[in-house]
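*Asks:* 3D, please:
(2 chains)
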Amino acid sequence: MSATTIDAPVQESAPHAHPEHPTSFFHKYLWTYDHKMIGLQYLWTALAFLFLGGALALGVRWQLGFPGAEIPLIGRLLPATVAVDGSIIPGGYNMLVTMHATIMVFFVVMPLLIGAFGNYLIPLQIGAGDMAFPLLNELSYWLYVLSGVILLGAFFAPGGAPGTGWTAYAPLSSVAAYNGTPIGQSLWGAAIFINGLSSIAGATNYITTVVNMRAPGMTMFRMPLPVWSLFITAILLLLAVPVLSAAAAMLFADLNMGTSFFSPQGGGQPLLWQHLFWFFGHPEVYIMILPAMGLTSEILAVFSRKPIFGYKAMVYAMIAIGFLGFVVWGHHMFVSGMNLTLSAAFSVSTMVIAVPSAIKTFNWMGTIWRGSIEFTTAMCFALAFVSMFVIGGLSGIFMASTPVDLFVHHTYFIVAHFHYVLFGGSIFAVFGAIYFYFPKMFGRMLNEALGKWHFFLTLIFFNLTFFPMHNLGLGGMMRRIADPTVYEHLRQLQPLNQLCTIGAIGLGFTTFLFLWNVVMSLRNGKKAPNNPWNANTLEWTVPSPPGHGNFDKTPVVYHGPYEYSVPGLDKDYLPQTERAPEGARLESH
Amino acid sequence: MSTAVLTHDSQEHHGAPPATAKFGMIMFLISEGMLFAGLLGAYFVLRWSENGFPWQAGHAWPPSPDIAHLPLLLTSINTVFLIASSCTFHMGEVAVLKGKSGLGWLFVTIALGSLFVGLQCYEWWHLHHEGLWFNTGGVYGSSFFVITGFHGLHVAIGVLLILWCFLRQLFTRCFTPTHHIALNNVALYWHFVDVVWLFVLALLYYV
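*Replies:* Sure, this is the predicted structure:
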């Protein structure tokens, strides 16, 4: 296992030319071992889920903005478990919330960041021909699809989809009489379990690939930050996801085999579910933001034409975030009757995470400081990521404090907070990364003018949708209520709810602009050169899109990935495969 | 491993180099370890929060005297079979390293593994007969059957994997002193399942 030493380049050079052999449709698009195609499989599937999850969110927003009003156009097509006479019923509202959240977390954000960009970028950026275990990789994708089918199947269960939220708190979730749809809830549990297998397969693959398959000269501290972020994320997945799988299995057993893990009648503990869920759930938060941070770092450095500020500090900060992520789960449970000393400890450990997060934020600012900034669409999204992440991060510090959390817990302040980090953070980074890597993935440029429209409308409508939720939450609006107007203290806030709904509808339509851009650019976008952004990392040294096996011969890496504007060079970038001229002052070594 | 050459073959889906495959297996087993850590952690919470720690006065486990007792002697003997199977598997690997087929040792390992699964099934049947099942005995039954069930499933999968190795070796003699990574990885898995069993045995049966 000497291969696991940090700085040893582990892959000897071996020429491996890859003639394009003809493949059938099935072996090219459906059952492929090529990490790039698997990445694209994840991309398209997750984008489809994004539109579905978004549609569910619009149902939720419609009901909150205009409670009981008939949903225009599609209202009467909805199943009776969700809507009656075209208007959403309270139980159906819970189903929409639950499925929206479950889909967005497990079937959109994770597959986009980790499945799509992880698969596509890791081998290309470390100079490998493919993942360490291509078969496992493809298996991981199909397990993801299978879990998606099972989850959607819950809509057709007698009693409908589960309505217990993505957190599925027991005993609501674990007692059939309470949740009203034991089959739907069981399908949810099964989907989470199988989705977990997919994540574990992917994580095993990523860690092994990064440790064992780097090109000669690609030391750990010469790896691009997206690879670092995905590597750390994979470790979090490997350690956190199995615990959720165990919890999902117990939930399934409680529902179907009469066990009493979570029911007090048999000596079980409802709180046990919360502990197991959040032991997974908090690392999950970082699983969904770390890759977004890595991708953003890459984009910011490229379009500022400057080295990333504090490369090693960025890496150590991500490691610190990953580690601390395992010791803060109790901050989701401050109102669960937890011992106050313990909740103080969780408060402190949570606030400590603000330190590495701030290191990253200041380093991003240091990176763009006095850079020659190119405002491409990708750059705009990356800058928006930093801004929105700061808003979401700051509201996070509020609720890390137990006394504040006792007040805002389970209000729309929380909903605002996690949408700022999950949408304003992760999804903005995903959009940025799609604009950035689309040329490499498909050999065509996305339309920049349409991209700018997409960006500005998304930014405006996003803030219109989610910023007022801070005010709603502080005004006392609880999460997971189907009709705010039945509460007297919320009636005066109803215009804000309608504002959120209008913003959400705008956000939904804006995403079609993105879809239009993708479709039109795929058909007749400008042809992309190998390196349209003049970037340094290895994926830009190969054709767009790269051929089977990625590299004609194994690349040799001479320096770090962020050597932009090196003094004395005739161009403002220096690919990792090019040796620096004598006497050049490099940031990395 | 630093001398391992990433050959054209390994790119073309004929399997990763041995050290890479082994590293991947270890990563997977760490993940499996977290699965059992989650299950056993839940068991601790369920057991200790209501009944106190085992060394405290008034500690009662099983929580009620009506609950059937676990067959300690049978399970202890069964444990010997499982440990022995790890040893025989190791002897099989040593035989392969020496250039022999190792088929005999693998066969004994399969037999011992199957015996373990069989006796565990008998134990389940026996306890069911005595009135202890998933849905009786409260968390006692719940945790016992789900944890031993997860472990038993892992042993059963292990037996199938060893059977797969056995058949491959029988028909193609694919494991040689230089090429035996699949056998290595199955052995790693099998030893892992063994170690997990020691934890399960100590916590569920003895303490």
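*Asks:* element containing residue 91?
*Replies:* All of this is about chain A. helix A:90-102 (DSSP states H and E).
*Asks:* wrong chain, I was asking about chain B
*Replies:* Counting by DSSP H and E, B:Met91 is found in helix B:72-97.
*Asks:* separation between the residue in chain B positioned nearest to chain A and A:Asn256?
*Replies:* Nearest residue of chain B to chain A: B:Asn135, at 2.7 Å (CB to the nearest CB). Yep, even glycine has a C-beta here, placed from its N, CA and C like the rest. Remark: distance between B:Asn135 and A:Asn256 (CB to CB, to the nearest Å) = 10 Å.
*Asks:* report the closest residue of the stretch 401-550 of chain A relative to chain B.
*Replies:* Counting by CB to the nearest CB, the stretch 401-550 of chain A gets nearest to chain B through A:Gly549 (5.8 Å).
*Asks:* that residue: how many residues sit nearby?
*Replies:* Using other CB atoms under 10 Å in any protein chain shown, A:Gly549 has 20 neighbouring residues.
*Asks:* and the one 10 residues further on, by the same measure?
*Replies:* Using other CB under 10 Å, the number of residues around A:His559 comes to 22.
*Asks:* low-confidence ranges in chain A?
*Replies:* Counting by pLDDT under 70, the ranges of chain A that qualify are A:1-22, A:589.
*Asks:* tell me how far A:Leu394 lies from B:Lys22.
*Replies:* 45 Å.
*Asks:* which of these two has more neighbours?
*Replies:* More crowded of A:Leu394 and B:Lys22, by other CB under 10 Å: B:Lys22, with 20 against 13.
*Asks:* gap between the more buried one and A:Trp31?
*Replies:* 26 Å.
*Asks:* which residues of the stretch 401-550 of chain A lie near chain B?
*Replies:* A:Gly549 (CB under 8 Å from any CB of the partner chain).
*Asks:* show me the helices in the stretch 401-550 of chain A, by range?
*Replies:* A:402-408, A:412-421, A:428-442, A:448-474, A:488-491, A:494-524 (DSSP state H, counting those that start in this stretch).
*Asks:* just name the most buried of those helices.
*Replies:* helix A:428-442 (a mean of 25; mean count of other CB atoms under 10 Å in any protein chain shown).
*Asks:* what angle do helix A:448-474 and it make with each other?
*Replies:* Helix A:428-442 and helix A:448-474 are oriented at 160 degrees to each other (axes from the mean of the first three to the mean of the last three CA atoms, to 10 degrees).
*Asks:* for helix A:428-442, packing partners?
*Replies:* In terms of contacts (3 or more CB pairs under 8 Å, 6 or more residues apart in numbering or on different chains; DSSP states H and E), helix A:428-442 is packed against helix A:35-65, helix A:119-126, helix A:270-304, helix A:377-400, helix A:448-474, helix A:494-524.
*Asks:* now do the shortest one: which elements does it pack against?
*Replies:* The contact analysis (3+ CB pairs under 8 Å, 6+ apart) places helix A:119-126 against helix A:35-65, helix A:182-212, helix A:225-256, helix A:428-442.
*Asks:* so which of the ones you listed comes closest to A:Trp364?
*Replies:* Closest approach to A:Trp364 among those is made by helix A:225-256 (10.8 Å; CB to CB).
*Asks:* now do the buried residues in the closest one.
*Replies:* Residues of helix A:225-256 classed as buried: A:225-256 (neighbour count, 16 or more other CB atoms under 10 Å in any protein chain shown).
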